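[1] mind looking at a prediction? Sequence and model below.
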Amino acid sequence: MKITIFLGAGASAAENLPIQNELFSHYFKYILPKDKNKKMNRELAKFFKDLFFIDVINDDVDKINFPTFEEVLGVLDLAEQKRESFKHYKTESYNDSNNTSISYIRQCLIMLTAYTLNNASSSSNNYHKMLVSNLVKEGLICDTNFISANYDIHIDNAIGSLYDEKNLPIMLNYGIDFANFNFNKNSWKKPEGQMVNLYKIHGSLNWLYCPICNSITLTPYEGGVMRIIEHIKQAECLNCGELTVPIIVPPTYFKNMSNVFLSTVWNKSEKALRDSDVLIFCGYSFPEADMHIKYLLKRVQTSRQKDNLKILVVNNHDKKRNSVMEKEKNRYERFLGKHVMYTDYSFEDFAKDPKKIIDLAKKI
């Protein structure tokens, strides 16, 4: 039986990472106060005051009703698409010292995401490790693909740490070629033989993209995107030495998936789903705005040579209200049809006994 596990933000939340609607409050409460005078922080503070009338420096962050990430990025993306501006924020600022470019603010918001998740990633990785370990014990790991909508590297590290050349020669495969493959034996090796596929459809904190030579560098076990903020010289491309940029597709209504590496990841995700018998959503609420993912799933459902894809949803937690669960269940069933089983299990439950939950697919 071929299995695909789809990891959403709720899986990362089990490791105490902030979910999307907590990113702003976490950053402005715990990270910005450490260096208020950094250019990025000054510009973000000014931006939230100018556009959303929020003073992140002096207001009580715990009491601020922040706009959603989609709303903030959405207005910026629309301004760029329409070639329009906001007062003090222009699509093209040229040498105008009185204005900040919308593009720069957008970059700051992406780095805010990276900074917040990386800052919180020092917490435990217990459940991702437990899940991978139990899949190994049950003999299911080599029949399992992972698709992650998360930027953090919890699942990456859990899979990557499996490799033991003598005892367990299973390698992590992201589905793309890294510049690291061309360097010495101590660098990240190109996966071969038995491997576990991990497709990160929205990018990753440990991917550094070079727009000059169109290559991508992996920073194993480290959120290398932080080098761009803190140690810029360490963020140089392995191939050509130019500075790299993140591959992080932020939560916005207008997602740009044009990067060649992301396109490859999406294509391989689609193939993995076509080959799968069971798809398990973990910590994913199936939000209305995620049309790219819905499009992918509908393509898979309507072009399979195998039997219908059986879908399990594992997205409960102790504080979840019944009304929220009912709406979520309705979203899944309305779009994906009758081959969905919406369970009462949490990601933690799944990590502790994945086989018990996978076996539920037999009832679909």
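    Received, thanks. Numbers count the residues shown, from 1 in each chain.
[2] need the residue closest to the centroid of the chain.
    The chain has Asn150 as the residue nearest its centroid, 1.9 Å off, counting by C-alpha atoms, centre = their mean.
[3] how about the secondary structure of it?
    coil (DSSP: H, G, I helix; E, B strand; the rest coil).
[4] what sits against it?
    For Asn150, the contact set (C-beta atoms under 8 Å, 6 or more residues apart in numbering) comprises 7-9, 11-12, 200, 202. Quick note: C-beta positions are derived from backbone N, CA and C, even for glycine.
[5] let's see it at 10 Å
    By C-beta atoms under 10 Å, 6 or more residues apart in numbering, the contact list for Asn150 reads 7-13, 17, 117, 156, 200-205, 283-284.
[6] check Thr219 too.
    With C-beta under 10 Å, 6+ apart, Thr219 has these contacts: 153, 178, 180, 188, 204-208, 225-227, 234-235, 244.
[7] same question, Thr91
    76, 79-85, 101-103.
[8] cool, and Tyr284?
    6-11, 147, 149-150, 290, 293, 313-315, 328, 332, 347.
[9] quick one: pLDDT of it?
    Here, the pLDDT recorded for Tyr284 equals 96.
[10] could you look up the SS state of it?
    Quick answer, by three-state DSSP: Tyr284 is coil.
[11] can you list contacts of stretch 45-52?
    With contacts defined as C-beta under 10 Å, 6+ apart, stretch 45-52 is touched by 24, 28, 32, 36, 54-59, 64-67, 71-72, 75-76, 86-89, 100, 102, 104-105, 108-109.
[12] which parts of the stretch 51-200 of the chain are strands?
    89-90, 100-101, 144-148, 171-173, 195-200 (DSSP state E, counting those that start in this stretch).
[13] what about this structure, any weak spots by pLDDT?
    93-98, 121-123, 165-166, 184-186 (pLDDT under 70).
[14] got the domain boundaries for it?
    3-17+125-208+251-363, 20-120 (automatic domain parsing).
[15] related to what we said a few turns ago, among the contacts of Thr91, which are in helices?
    76, 79-82, 102-103 (DSSP state H).
[16] show me the contacts of Tyr284 that map onto helices.
    Using DSSP H, the contacts of Tyr284 in helices are 9-11, 293, 328, 332, 347.
[17] max pairwise distance over those: which two?
    Within the ones in helices among the contacts of Tyr284, Ile293 and Phe347 form the most distant pair, 17.9 Å apart (C-beta to C-beta).
[18] which of the two has more neighbours?
    Phe347 (25 against 21; other C-beta atoms under 10 Å).
[19] next up, the contacts around the more buried one.
    Applying C-beta under 10 Å, 6+ apart to Phe347 gives the contacts 7-8, 10-15, 127-128, 131, 282-284, 314-317.
[20] likewise for Asn118?
    Applying C-beta under 10 Å, 6+ apart to Asn118 gives the contacts 17, 31, 151-153, 205-206, 222-226, 229.
[21] of those, buried ones?
    Buried members of the contacts of Asn118, counted by 16 or more other C-beta atoms under 10 Å: 17, 31, 151-153, 205-206, 223-226.
[22] Ser323: which of these is nearest?
    Leu17 (25.1 Å).
[23] next, Phe335: phi, psi?
    Main-chain dihedrals, Phe335, degrees, to the nearest 10: phi -90, psi -40.
[24] separation between the nearest residue to it once chain neighbours are set aside and Gln301?
    Spatial nearest neighbour of Phe335, excluding adjacent residues (C-beta to C-beta, 6 or more residues apart in numbering): Lys294 at 6.1 Å. Separation of Lys294 from Gln301 (C-beta to C-beta, to the nearest Å) stands at 10 Å.
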